[in-house]
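>>> Okay, structure incoming, though there's no sequence with it:
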(Lines give C-alpha, C1' and ligand atoms only; values in the text may rest on other atoms or scores of the structure.)
Protein backbone atom coordinates (compact mmCIF):
# COMPACT_ATOMS: atom_id res chain seq x y z
CA UNK A 1 0.00 0.00 0.00
CA UNK A 2 2.87 2.37 -0.71
CA UNK A 3 1.63 5.95 -0.72
CA UNK A 4 -1.86 4.73 0.19
CA UNK A 5 -1.54 4.48 3.99
CA UNK A 6 -1.38 7.47 6.35
CA UNK A 7 -0.78 7.51 10.09
CA UNK A 8 -1.33 10.50 12.35
CA UNK A 9 -0.20 10.38 15.98
CA UNK A 10 -1.42 12.60 18.79
CA UNK A 11 -0.44 12.76 22.46
CA UNK A 12 -2.92 10.03 23.53
CA UNK A 13 -3.81 8.01 20.45
CA UNK A 14 -3.41 7.80 16.70
CA UNK A 15 -5.48 7.62 13.54
CA UNK A 16 -4.68 5.74 10.37
CA UNK A 17 -6.32 5.03 7.07
CA UNK A 18 -5.51 2.97 4.03
CA UNK A 19 -6.65 2.54 0.45
CA UNK A 20 -6.31 -0.44 -1.84
CA UNK A 21 -8.09 -0.32 -5.20
CA UNK A 22 -11.66 0.74 -4.36
CA UNK A 23 -11.43 -0.26 -0.69
CA UNK A 24 -10.84 2.29 2.07
CA UNK A 25 -10.47 1.70 5.76
CA UNK A 26 -9.71 3.72 8.87
CA UNK A 27 -8.64 2.80 12.39
CA UNK A 28 -7.65 4.26 15.75
CA UNK A 29 -4.81 3.00 17.91
CA UNK A 30 -3.59 3.69 21.41
CA UNK A 31 0.14 3.90 22.14
CA UNK A 32 -0.34 2.27 25.55
CA UNK A 33 -2.56 -0.67 24.58
CA UNK A 34 -2.39 -3.42 22.01
CA UNK A 35 -4.77 -3.61 19.09
CA UNK A 36 -6.68 -1.34 16.76
CA UNK A 37 -10.20 0.01 16.67
CA UNK A 38 -10.70 -0.91 13.02
CA UNK A 39 -13.55 -0.36 10.60
CA UNK A 40 -14.36 3.26 11.39
CA UNK A 41 -17.38 4.50 9.45
CA UNK A 42 -15.99 7.71 7.97
CA UNK A 43 -17.89 9.81 5.45
CA UNK A 44 -15.31 9.05 2.74
CA UNK A 45 -15.08 11.41 -0.22
CA UNK A 46 -16.18 9.74 -3.44
CA UNK A 47 -13.51 11.34 -5.66
CA UNK A 48 -9.76 10.86 -5.87
CA UNK A 49 -8.10 11.49 -2.50
CA UNK A 50 -5.37 14.11 -2.93
CA UNK A 51 -4.20 14.94 0.59
CA UNK A 52 -4.93 14.43 4.27
CA UNK A 53 -4.11 16.12 7.57
CA UNK A 54 -5.13 15.55 11.19
CA UNK A 55 -5.12 17.65 14.37
CA UNK A 56 -5.54 16.15 17.85
CA UNK A 57 -7.16 17.64 20.94
CA UNK A 58 -7.49 15.52 24.08
CA UNK A 59 -9.75 12.63 23.15
CA UNK A 60 -10.73 14.02 19.74
CA UNK A 61 -9.15 14.12 16.31
CA UNK A 62 -10.02 16.51 13.49
CA UNK A 63 -9.41 14.82 10.12
CA UNK A 64 -9.10 16.88 6.93
CA UNK A 65 -9.28 15.30 3.47
CA UNK A 66 -8.87 16.85 0.03
CA UNK A 67 -10.43 15.18 -2.99
CA UNK A 68 -10.73 15.88 -6.67
CA UNK A 69 -14.31 15.45 -7.74
CA UNK A 70 -16.02 16.61 -10.91
CA UNK A 71 -13.05 18.73 -11.97
CA UNK A 72 -12.78 20.63 -8.70
CA UNK A 73 -10.98 20.15 -5.39
CA UNK A 74 -13.17 19.76 -2.31
CA UNK A 75 -12.02 19.74 1.32
CA UNK A 76 -13.74 17.65 3.99
CA UNK A 77 -13.44 18.02 7.78
CA UNK A 78 -14.50 15.27 10.18
CA UNK A 79 -14.39 15.43 13.99
CA UNK A 80 -13.98 11.98 15.55
CA UNK A 81 -14.37 10.95 19.17
CA UNK A 82 -12.14 8.45 21.01
CA UNK A 83 -14.40 5.59 19.96
CA UNK A 84 -14.05 6.53 16.29
CA UNK A 85 -17.61 7.85 16.04
CA UNK A 86 -18.14 10.89 13.83
CA UNK A 87 -19.21 13.83 16.02
CA UNK A 88 -19.52 16.39 13.24
CA UNK A 89 -18.41 17.13 9.68
CA UNK A 90 -18.43 19.73 6.92
CA UNK A 91 -17.02 20.37 3.45
CA UNK A 92 -16.04 23.33 1.26
CA UNK A 93 -14.41 24.07 -2.06
CA UNK A 94 -10.63 24.39 -1.81
CA UNK A 95 -9.33 27.96 -1.86
CA UNK A 96 -12.70 29.54 -1.08
CA UNK A 97 -11.24 31.76 1.68
CA UNK A 98 -13.13 30.02 4.49
CA UNK A 99 -11.66 28.12 7.43
CA UNK A 100 -11.84 24.96 5.29
CA UNK A 101 -10.33 26.51 2.17
CA UNK A 102 -6.98 24.95 3.17
CA UNK A 103 -6.19 21.71 5.00
CA UNK A 104 -3.37 23.06 7.13
CA UNK A 105 -3.02 26.04 9.47
CA UNK A 106 -5.24 24.61 12.19
CA UNK A 107 -4.84 24.07 15.94
CA UNK A 108 -7.33 22.29 18.22
CA UNK A 109 -7.73 23.69 21.73
CA UNK A 110 -10.35 22.78 24.34
CA UNK A 111 -12.85 21.27 21.92
CA UNK A 112 -12.55 24.11 19.40
CA UNK A 113 -10.50 24.45 16.24
CA UNK A 114 -8.63 27.65 15.41
CA UNK A 115 -7.96 28.16 11.71
CA UNK A 116 -5.61 30.60 10.00
CA UNK A 117 -7.19 32.38 7.04
CA UNK A 118 -6.22 35.40 4.96
CA UNK A 119 -8.87 37.37 6.89
CA UNK A 120 -7.54 36.46 10.38
CA UNK A 121 -8.41 33.60 12.73
CA UNK A 122 -11.63 31.60 12.76
CA UNK A 123 -12.91 29.52 15.68
CA UNK A 124 -14.79 26.37 14.62
CA UNK A 125 -16.95 24.17 16.85
CA UNK A 126 -19.23 21.17 16.47
CA UNK A 127 -22.91 22.15 16.48
CA UNK A 128 -25.65 19.57 15.90
CA UNK A 129 -23.45 17.33 13.75
CA UNK A 130 -21.99 20.18 11.69
CA UNK A 131 -18.62 21.90 12.01
CA UNK A 132 -19.39 25.62 12.02
CA UNK A 133 -17.39 28.83 12.19
CA UNK A 134 -18.65 30.37 15.44
CA UNK A 135 -16.34 33.36 15.81
CA UNK A 136 -14.05 35.42 13.63
CA UNK A 137 -10.93 37.24 14.86
CA UNK A 138 -10.21 39.80 12.12
CA UNK A 139 -7.74 41.65 14.38
CA UNK A 140 -5.37 38.71 13.88
CA UNK A 141 -5.20 39.36 10.10
CA UNK A 142 -1.85 41.24 10.21
CA UNK A 143 -0.26 38.22 11.90
CA UNK A 144 -1.78 35.21 10.08
CA UNK A 145 -2.61 34.06 6.59
CA UNK A 146 -3.89 30.83 5.07
CA UNK A 147 -0.32 29.55 4.67
CA UNK A 148 0.60 29.81 8.37
CA UNK A 149 0.94 26.95 10.79
CA UNK A 150 -0.71 27.27 14.22
CA UNK A 151 0.72 25.67 17.37
CA UNK A 152 -0.36 25.84 20.99
CA UNK A 153 2.31 27.12 23.37
CA UNK A 154 2.34 28.12 27.05
CA UNK A 155 2.33 31.75 25.99
CA UNK A 156 -0.63 31.46 23.61
CA UNK A 157 -1.30 30.51 20.01
CA UNK A 158 1.96 30.48 18.06
CA UNK A 159 1.76 31.51 14.42
CA UNK A 160 4.54 30.08 12.26
CA UNK A 161 4.74 32.17 9.12
CA UNK A 162 7.16 32.21 6.21
CA UNK A 163 9.23 35.00 7.77
CA UNK A 164 8.25 35.28 11.44
CA UNK A 165 7.02 33.57 14.59
CA UNK A 166 4.28 35.43 16.44
CA UNK A 167 2.47 34.55 19.66
CA UNK A 168 -1.19 35.56 19.88
CA UNK A 169 -2.88 35.82 23.26
CA UNK A 170 -6.62 35.89 23.79
CA UNK A 171 -7.72 38.44 26.38
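On my side now, so go ahead. These numbers were taken from a predicted model, which means no experiment stands behind them.

>>> ok, now which ones touch the closest residue in space to residue 83 that isn't next to it in sequence?
Using Cβ to Cβ, 6 or more residues apart in numbering and skipping the chain neighbours, the partner closest in space to residue 83 is residue 37 (7.1 Å). Any C-beta I mention is one placed from the backbone N, CA and C, and that applies to glycine too. In this structure, residue 37 makes contact with 27-29, 83-84, judged by Cβ atoms under 8 Å, 6 or more residues apart in numbering.

>>> State the distance from residue 37 to residue 72.
As defined by Cβ to Cβ, to the nearest Å, residue 37 lies at a distance of 33 Å from residue 72.

>>> How much space separates residue 133 from residue 119?
From residue 133 to residue 119 the distance is 11 Å (Cβ to Cβ).

>>> got it, and residue 51?
With Cβ to Cβ as the criterion, residue 51 and residue 119 are 23 Å apart.

>>> One more: residue 110?
23 Å.

>>> low-confidence ranges in this protein?
1-3 (pLDDT under 70).

>>> go with 50
1 (pLDDT under 50).

>>> Against the centre of it, work out the most remote residue.
No residue in the chain sits farther from the centre than residue 34, which is 25.8 Å out by Cα atoms, centre = their mean.

>>> Look up which helix or strand that one falls in, please.
If you go by DSSP states H and E, residue 34 is not part of any helix or strand.

>>> quick one, phi/psi of it?
Phi and psi for residue 34, reported as degrees, to the nearest 10, are phi -80, psi 150.

>>> picking that back up, tell me the secondary structure at the residue nearest to residue 83.
Classification of residue 37 using DSSP: H, G, I helix; E, B strand; the rest coil returns strand.

>>> Write down the beta-bridge partners of it, one by one.
residue 28 (DSSP bridges).

>>> any idea how far it lies from residue 79?
Distance of residue 37 to residue 79, given as Cβ to Cβ: 16 Å.

>>> Residue 91 too?
Between residue 91 and residue 79 the computed distance is 13 Å (Cβ to Cβ).

>>> Among the two, which residue is more densely surrounded?
Neighbour count, other Cβ atoms under 10 Å: between residue 91 and residue 79, residue 79 has more, with 25 against 15.

>>> tell me the SS of that one?
strand.

>>> show me what contacts it?
60-63, 86-89, 126, 131.

>>> cool, residue 147 as well?
102, 105, 116, 161-162.

>>> Any chance of a PyMOL selection covering the buried ones in those residues?
In PyMOL, a selection of the buried entries from these looks like this (16 or more other Cβ atoms under 10 Å):
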select buried, resi 102+105+116
